[in-house]
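**Q** Sequence and predicted structure below; questions after.
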Amino acid sequence: MAGKSGRSINNVPESPVKKMIFSWEGILVLLFIAVNIFCAMFSEYYNMSSLLRQMPVYLAEVFMMLPMAYILVLGEIDISVGAIVCLSATMSCIVCNTNAPFIVVVITALGVGTICGAINGFILTKFQELPPMIVTLATQIIFRGISEIVLGSGGSISASNTDGFRAIGGKVGDIPYILFLVVILSVIFAVILGKSTFGRRVYAIGTNRLTAYYSGVHVQKIRFIIYTIMGTVSGLCALFLVSSSYGANTTTGNGFEMDAIAMAVFGGISSTGGKGNIAGGFISAFIIVCLRVGLGQRNVNAQVILLIIGVLLIAAVALPNIIGNAKKALSMKKN
């Protein structure tokens, strides 16, 4: 139809299929397919069986992406999570070596992680002027320092009673238990963030914290809860790491915080807060996992793999801006 200005106004709604394909999640799905095709061509050993066999080593990091997504949506960051994993893994091995029931080992790992996360949350909510990056950098040094003190000069510890860890590292057919748990937790985190009142409040805080506060949102309470959950999930990650290595050392969890942030940002979650969803982070996490498995099978240097992931991350940050500018330019030409 034509408006009073004589210009044609398009009132036909955009096709849902077209909207889905050209969304960031749709682009990620296409990229996921392309990465798997590339890996299958690059490595003769790359197939579903080998992927499922090697995937558990990397899936522990996907756990970290889920609560990290919430923290990024808040417009904040937590770089202490790798150290929390290290401390949780160390303490769980120590308790395991006392021949305590495995449930006590699980409670220890989750408890240590939860306490560490709560410490981060407490400091950040009680001293609100402190930047999260500096606070979590400080706690990262403290948590890893405690691990190094506990581990002593040897710098490592082995779990003597591995039956429990072997059980949680088991499989249903070819599918590892950890994959089921990752999918279940991803659905839970996605539903809470995207469909619940709590999730809407997280977005509100990330968009404008002051406005959210004056709208009646308990900003500091929500921040505390999210940082505590981040710690709990770090403890869970530690359990599955020990189930694959049957031990811990001073380098356990190194770089996990950067991997979790990379997965989330690559999935379209804005580091400035208020934007993104779990679905994008979930797909991007599996793109990175598949890349690592496929390239690793051909003995590609780990630093080269990190370089490729870094390039993808830059592209993920830059591409939406490029597309947005292109759309604006096209719209201006039409007008």
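**A** Ah, there it is.
**Q** In the stretch 101-250 of the chain, what residue spans correspond to helices?
**A** Taking DSSP state H, counting those that start in this stretch, the helices of the stretch 101-250 of the chain run over residues 102-126, 132-151, 163-168, 177-195, 197-207, 209-214, 219-245.
**Q** rank the ones you listed by mean pLDDT and give me the bottom one.
**A** Lowest mean pLDDT within these: helix 163-168, a mean of 85.
**Q** Determine the number of other residues adjacent to the closest residue to Met230 other than its chain neighbours.
**A** Ranked by Cβ to Cβ, 6 or more residues apart in numbering and with sequence neighbours excluded, the top spatial neighbour of Met230 is Pro67, at 4.2 Å. Backbone N, C-alpha and C define where each C-beta goes, glycine included. By other Cβ atoms under 10 Å, 25 other residues sit near Pro67.
**Q** before we move on, back to that, and the helices of the stretch 101-250 of the chain, which is most packed in?
**A** helix 219-245 (a mean of 23; mean count of other Cβ atoms under 10 Å).
**Q** other SSEs contacting it?
**A** The contact analysis (3 or more Cβ pairs under 8 Å, 6 or more residues apart in numbering; DSSP states H and E) places helix 219-245 against helix 56-73, helix 81-96, helix 102-126, helix 163-168, helix 197-207, helix 209-214, strand 247-249.
**Q** and that helix with helix 177-195, angle?
**A** With axes from the mean of the first three to the mean of the last three Cα atoms, to 10 degrees defining the directions, helix 219-245 sits at 170 degrees from helix 177-195.
**Q** Give the closest residue to the residue positioned nearest the centre of the chain in space, chain neighbours not counted.
**A** For the chain, the residue nearest the mean C-alpha position is Met65 (0.8 Å; Cα atoms, centre = their mean). Ranked by Cβ to Cβ, 6+ apart and with sequence neighbours excluded, the top spatial neighbour of Met65 is Met263, at 4.2 Å.
**Q** surely the one you found meets Ala285?
**A** Yes: contact criterion Cβ atoms under 8 Å: Met263 and Ala285 qualify, at 4.3 Å.
**Q** Can you pull the residues that touch both of those two?
**A** Residues touching both Met263 and Ala285 (Cβ atoms under 8 Å, 6 or more residues apart in numbering) are 61-62, 65.
**Q** quick revisit: got the helices of the stretch 101-250 of the chain as TSV, with distance to Gln54 columns?
**A** Putting those into TSV (distance: least, Cβ to Cβ, whole Å) gives the following:
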stretch	distance to Gln54
helix 102-126	23
helix 132-151	27
helix 163-168	18
helix 177-195	12
helix 197-207	33
helix 209-214	42
helix 219-245	11
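**Q** which residues of the stretch 1-150 of the chain score low on pLDDT?
**A** 1-22 (pLDDT under 70).
**Q** give me that answer again for 80
**A** 1-24 (pLDDT under 80).
**Q** give me the number of residues near Leu313?
**A** 18.
**Q** ditto for Arg292
**A** Arg292 has 23 nearby residues by other Cβ under 10 Å.
**Q** need the contact list for it.
**A** 58, 305.
**Q** same question, the one 10 residues further on
**A** For Ala302, the contact set (Cβ under 8 Å, 6+ apart) comprises Gly296.
**Q** separation between it and Leu28?
**A** 24 Å (Cβ to Cβ, to the nearest Å).
**Q** can you confirm Val289 is in a strand?
**A** No: secondary structure of Val289 (DSSP: H, G, I helix; E, B strand; the rest coil): helix, not part of a strand.
**Q** Would you agree it is in contact with Ala60?
**A** No: the criterion here is Cβ under 8 Å, and Val289 misses it with Ala60 at 10.5 Å.
**Q** Of the two, which one has the most company?
**A** The neighbour comparison of Val289 against Ala60 (other Cβ under 10 Å) goes to Ala60, with 24 against 21.
**Q** how much space between the more buried one and Ala318?
**A** 29 Å.
**Q** Test my guess that Cys39 contacts Leu291.
**A** Yes: using Cβ under 8 Å, Cys39 is in contact with Leu291, at 7.1 Å.
**Q** Show me what stretch 128-148 is in contact with.
**A** Contacts of stretch 128-148 (Cβ under 8 Å, 6+ apart): 71, 76-80, 82-84, 86-87, 90, 116, 119-120, 123-124, 127, 155, 220, 248, 250, 252, 257.
**Q** how about the nearest residue to Leu59 once chain neighbours are set aside, what does it touch?
**A** Residue nearest to Leu59 in three dimensions, not counting chain neighbours: Ile178, with 4.9 Å by Cβ to Cβ, 6+ apart. Contact partners of Ile178, counting by Cβ under 8 Å, 6+ apart, are 56, 59-60, 168-169, 240.
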